[in-house]
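# Okay, here's the prediction I keep looking at, along with the sequence it came from:
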Amino acid sequence: MIISVASGKGGTGKTTVSANLARVWPSPVQLLDCDVEEPNCHLFIKGGLKSQDVVSMRVPQVDAALCNGCGACSALCEFNAIASLKDEALVFEELCHGCGGCTLVCPTRAITEKDRRIGEIEVMEAGHISLVQGRIDVGVAMAPPVIRAVKDRIDPGKTAILDAPPGTSCPVIATVKDTDLVILVTEPTPFGLHDLRLACDMVRELGLPFGVVINRVGAGDERVHVFCRDEGVPILLEIPDDRRIAEAYSRGELMVDALGEYRGLFEGLMHTVQGLRTRTRREDHADL
């Protein structure tokens, strides 16, 4: 089972939900930090480093001796990553999406590909939790290739929990795509509701089953509850606005470890998630 934890905005508590859910999961579980621009799961899941690998993507390189400046490569590239001049082509590696199309259309075979480092992946073990963490290199603009490299480490024999980046743009879609269930974390504020609407539209467009976790309940109003009721969106868990949770978080402690009364809440979330997955499978078979 692959569960992604996302939200329409930052600071709602995605990492809190992801890490605490992984902690209470009874069997070996993978926690994949797909927020590769600012990974932070390692602050709460402290384990020994098992492996560290470089993430690269293929980018073009041009042999000036073979290039005749025909312009086929630049005409094809939608991202302006390669520019054809009078008798040569210039490559802008930072703009390249690694599609390989320019190598295919070059009539003189002047374009080949090379590896360009864009980030790294660390794998850490902490008890029954295997933490896979991606980190994009400084100056690299595109996160999705690193996110896909993190997802390539998913073990089909284990439950995987994906901590997504904030927002609803390409990095989030790269994370939640092809997952079994999306948990959207929000907060009961006007900003929380605005961005929850965007996140709901995103997962509906992708055709993914989802539910909502409302964090800091009591700090705002009921507008998020009303939205979920009117839209038929299940509320999977409500986390109260408890100062002790923030204090534990500031010390790098998970609430299920520091505050025993919250372990039952996340165990309940785990059983709810498992039940939703079972029901979704039954509905899929019914459609067949």
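Received it, and whenever you're ready, just let me know what you need.
# how many other residues sit next to residue 274?
Residue 274 has 15 neighbours, counted by other CB atoms under 10 Å. No exception for glycine: its C-beta is placed from N, CA and C like everyone else's.
# Residue 41 versus the most centrally placed residue in the chain, what's the distance?
Centroid-nearest residue in the chain: residue 164, 2.9 Å away (criterion: CA atoms, centre = their mean). Remark: distance between residue 164 and residue 41 (CB to CB, to the nearest Å) = 12 Å.
# Contacts only, for the residue nearest to the centre of the chain.
4, 5, 6, 7, 14, 34, 35, 171, 172, 175, 176 (CB atoms under 8 Å, 6 or more residues apart in numbering).
# Arrange these in TSV, one row each, with distance to residue 225 as further columns.
Formatted as TSV, those follow (distance: CB to CB, whole Å):
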residue	distance to residue 225
4	23
5	20
6	20
7	17
14	20
34	28
35	27
171	29
172	24
175	26
176	23
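# hey, where'd the strands end up in this protein?
Using DSSP state E, the strands assigned to the chain run over residues 2-6, 29-33, 48-62, 82-84, 89-91, 111-126, 129-136, 159-163, 181-186, 210-217, 235-240.
# Now tabulate the ones you listed in a markdown table and tack on distance to residue 261.
What follows is the strands of the chain, written out as a markdown table (distance: least, CB to CB, whole Å):
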| stretch | distance to residue 261 |
| --- | --- |
| strand 2-6 | 22 |
| strand 29-33 | 22 |
| strand 48-62 | 30 |
| strand 82-84 | 58 |
| strand 89-91 | 57 |
| strand 111-126 | 23 |
| strand 129-136 | 22 |
| strand 159-163 | 22 |
| strand 181-186 | 20 |
| strand 210-217 | 15 |
| strand 235-240 | 10 |
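# TSV please, covering these and showing mean pLDDT and distance to residue 198.
Listed next are the strands of the chain as TSV, based on pLDDT from 0 to 100; distance: least, CB to CB, whole Å:
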stretch	mean pLDDT	distance to residue 198
strand 2-6	97	11
strand 29-33	98	22
strand 48-62	95	29
strand 82-84	92	34
strand 89-91	92	35
strand 111-126	96	27
strand 129-136	97	23
strand 159-163	98	19
strand 181-186	97	10
strand 210-217	96	13
strand 235-240	97	18
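# Ok, which of these comes nearest residue 196?
Taking CB to CB, strand 181-186 is the member of the strands of the chain nearest to residue 196, at 4.3 Å.
# ok and the closest one relative to strand 2-6, angle-wise?
20 degrees (axes from the mean of the first three to the mean of the last three CA atoms, to 10 degrees).
# What are the contacting residues of strand 181-186?
So strand 181-186 is contacted by 1-8, 12-14, 16-17, 176, 192-193, 195-196, 199-200, 203, 208-215, 224, 236, 273, 276-277, 280 (CB under 8 Å, 6+ apart).
# out of these, which are buried?
Listed as buried from the contacts of strand 181-186 are 2-8, 12-14, 16-17, 176, 192-193, 195-196, 199-200, 203, 208, 210-215, 224, 236, 273, 276-277; burial here means 16 or more other CB atoms under 10 Å.
# The residue lying closest to residue 72 once chain neighbours are set aside: neighbouring residues, count only.
The shortest distance from residue 72 to any non-neighbouring residue, by CB to CB, 6 or more residues apart in numbering, is to residue 105 (4.5 Å). If you count neighbours by other CB under 10 Å, residue 105 ends up with 13.
# mind listing what residue 105 touches?
72, 73, 76.
# tell me the contacts of residue 171?
Counted by CB under 8 Å, 6+ apart, residue 171 has contacts 34, 36, 37, 143, 144, 147, 164, 165.
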